[in-house]
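[1] I would like the atomic coordinates for the input below:
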Amino acid sequence: MRLNPKIRGWINYYTRFNKDEAHGVFYYLNGPIRKWIKNTYKIGGKAGLYKKYKSIQAETPLFFYHWKIGIKA
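    From the prediction side, this is the model:
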């Protein structure tokens, strides 16, 4: 995945200086991921979207680096 080196850099930077801001960065990053899931799987409601999002995280926990280390905001 092409994003993983950037995500590793963000983790190294934000967790070194301000761990509280790191959570906000990864919450923001998961927003476009959820939007992609919504458009790809043609999901209409939030409940179905979050259900699919959680199932993808459970099936492929190594897909994104921040999921791999346990940041699943």
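[2] show me where this protein has helices.
    4-17, 19-41, 46-59, 65-68 (DSSP state H).
[3] most packed of the ones you listed?
    Of all the helices of the chain, helix 65-68 carries the top mean neighbour count, a mean of 18, counting by mean count of other CB atoms under 10 Å. For glycine as for every other residue, the C-beta is placed from the backbone atoms N, C-alpha and C.
[4] roughly how far apart are residue 38 and residue 24?
    Distance, residue 38 to residue 24, using CB to CB, to the nearest Å: 21 Å.
[5] now render the helices of the chain as a markdown table, adding mean pLDDT.
    What follows is the helices of the chain, written out as a markdown table (pLDDT from 0 to 100):
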| stretch | mean pLDDT |
| --- | --- |
| helix 4-17 | 88 |
| helix 19-41 | 90 |
| helix 46-59 | 95 |
| helix 65-68 | 90 |
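[6] I figured residue 66 hits residue 27, correct?
    No - counting by CB atoms under 8 Å, residue 66 stays clear of residue 27, with 10.3 Å between them.
[7] count of residues packed around the residue lying closest to residue 67 once chain neighbours are set aside?
    Nearest non-adjacent residue to residue 67, counting by CB to CB, 6 or more residues apart in numbering: residue 61, 5.4 Å away. Residues within reach of residue 61, counting by other CB atoms under 10 Å, total 13.
[8] can you list phi and psi of residue 61 for me?
    phi -70, psi -10 (degrees, to the nearest 10).
[9] gap between the spatially most central residue of the chain and residue 3?
    Nearest to the mean C-alpha position of the chain, by CA atoms, centre = their mean, lies residue 30 at 3.6 Å. Separation of residue 30 from residue 3 (CB to CB): 12 Å.
[10] ditto for residue 10
    On the measure of CB to CB, residue 10 and residue 3 end up 10 Å apart.
[11] residue contacts, the residue lying closest to residue 34 once chain neighbours are set aside?
    Excluding the flanking residues, the one nearest residue 34 by CB to CB, 6+ apart is residue 53, at 5.5 Å. Going by CB atoms under 8 Å, 6 or more residues apart in numbering, residue 53 touches 30, 33-34, 37.
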